[in-house]
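Chemist: fold the following.
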Amino acid sequence: MKCLSALILNVAPAAATAAMILFGASSALAGTQFQIQDRDVSRVISISGSCGRCDLSGRRLVGANFVGANFSAATLVGSDLRGAAIIGSNFSESDLTRADLRGAELVGSMFVRAILVQARLDGVAASGASFVRADLSRANLSGAELAGSQLGQARAAQANFNNAELLAADLSGGDFSAASFRHADLTGARLSGGRFTRADFTDADLRHANLRGVDLSGARGLTQGQINEACSDSSTRLPGGLSPRSCSGGRGGAPRPVAPPRPFLAIVVADLD
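Modeler: Alright, predicted model coming up:
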């Protein structure tokens with residue numbers, strides 16, 4: 001790895017040190033790109049390229065920038081990604097159990113089948129992100145910006161979506177048992193086919209939400225006023241005392257994910273050993 005170390009050190013010693021600490025001197029660095037910036041060590045590296053199956057568990061990646069990066073099947077258990085910018089990147093099938101992503105930007109990124117059990121996602125900006133079939137059990141997404149996000153067939157039992165923005169999000173077929181949507185904005189969201197036993201919708205905004213074919217009979221906090229603003233039909237199951245209301249159009253659904261920006265001024269670091 002002498003060639004690799006020399007290549008980095010000749011560019012920027014501080015950035016090289018940070019890179020070696022974060023990723024370790026291993027073949028996992030092959031093909032990975034680091035963008036060197038004149039900032040503090042925790043923010044000095046922007047990462048693009050591929051680092052699939054990397055093991056970064058427990059690493060401190062506060063404020064790191066992932067631009068068009070491929071970290072599919074990577075392991076980041078308990079990693080600190082607070083304030084990270086993960087733009088147009090692929091973290092599908094990665095393990096982010098108990099990872100801390102508070103305040104991170106996940107716009108247009110892919111977390112398909114990712115494991116985010118008990119992850120901290122409070123206040124993330126994840127418009128257009130895909131969490132299809134992801135495991136978000138007991139994750140905290142309070143205050144998250146999830147407009148147009150894809151949560152179809154996700155497992156999100158006991159997850160916290162309080163005050164989250166889920167405009168036009170797709171929750172169809174997902175398991176949201178005992179999840180909390182208190183004060184969440186679900187305008188135009190699609191809930192069809194999802195499981196919401198003991199889910200809490202107190203003061204949630206359900207205007208034009210698609211409730212067709214969804215079983216909400218065990219949900220809590222629903223009022224007739226909320227149902228009147230949503231779109232339901234005879235296949236919608238509601239708690240006792242509430243009646244479905246049909247409406248024209250308003251299927252709900254998510255817009256296409258935000259296109260990832262192109263990486264810029266990247267320095268290619270290859271395993272030359």
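Chemist: going forward, measure contacts between C-alpha atoms and count neighbours the same way
Modeler: Fine.
Chemist: pLDDT weak spots in the protein?
Modeler: 1-45, 248-273 (pLDDT under 70).
Chemist: in it, which spans are helices?
Modeler: In the chain, the helices defined using DSSP state H lie at 2-11, 13-23, 224-229.
Chemist: contacts for the last one?
Modeler: Okay, so that is helix 224-229. The contact list for helix 224-229 (C-alpha atoms under 8 Å, 6 or more residues apart in numbering) reads Ala204, Asp205, Leu206, Arg207, His208, Ala209, Leu242, Ser243, Pro244, Arg245.
Chemist: one more time with 10 Å, if that's ok
Modeler: 187, 201-209, 211, 230, 238-239, 241-247 (C-alpha atoms under 10 Å, 6 or more residues apart in numbering).
Chemist: out of these, which are buried?
Modeler: Among the contacts of helix 224-229, those classed as buried by 16 or more other C-alpha atoms under 10 Å are 187, 201-209, 211, 230, 238-239, 242-246.
Chemist: and for Leu191, the neighbour number?
Modeler: As a burial measure, Leu191 scores 29 neighbours (other C-alpha atoms under 10 Å).
Chemist: ok, it touching Asp170?
Modeler: Yes: using C-alpha atoms under 10 Å, Leu191 is in contact with Asp170, at 6.7 Å.
Chemist: so what's Pro239 closest to, chain neighbours aside?
Modeler: Ser217 (4.2 Å; C-alpha to C-alpha, 6 or more residues apart in numbering).
Chemist: please apply the same query to Asp215.
Modeler: Using C-alpha to C-alpha, 6+ apart, the closest residue to Asp215 is Arg237 (4.6 Å).
Chemist: contacting residues for the one you found?
Modeler: Going by C-alpha under 10 Å, 6+ apart, the list of residues near Arg237 reads Leu211, Arg212, Gly213, Val214, Asp215, Leu216, Ser217, Gly218, Ala219, Ser243, Pro244.
Chemist: one more: Cys247?
Modeler: Cys247 neighbours (C-alpha under 10 Å, 6+ apart): His208, Asn210, Asn228, Glu229, Ala230, Cys231, Ser232, Asp233.
Chemist: please enumerate the strands of the stretch 1-150 of the chain.
Modeler: Here the stretch 1-150 of the chain has its strands, by DSSP state E, counting those that start in this stretch, at 32-36, 45-50, 65-70, 85-87.
Chemist: what's the spacing between the last one and its chain's center?
Modeler: Here the centre of mass of C-alpha atoms in strand 85-87, compared against the chain's by C-alpha atoms, centre = their mean, to the nearest Å, lies 11 Å away.
Chemist: again with the second one
Modeler: In terms of C-alpha atoms, centre = their mean, the centre of strand 45-50 is set 19 Å apart from its chain centre.
Chemist: what residues sit buried inside that strand?
Modeler: Within strand 45-50, the residues scored as buried using 16+ other C-alpha under 10 Å are Ile45, Ser46, Ile47, Ser48, Gly49, Ser50.
Chemist: and which of these is nearest Ser109?
Modeler: Taking C-alpha to C-alpha as the measure, Ser109 lies nearest Ser48 of these, at 12.8 Å.
Chemist: what's the closest non-adjacent residue to the closest one?
Modeler: That would be Ala69: by C-alpha to C-alpha, 6+ apart, it lies 4.1 Å from Ser48.
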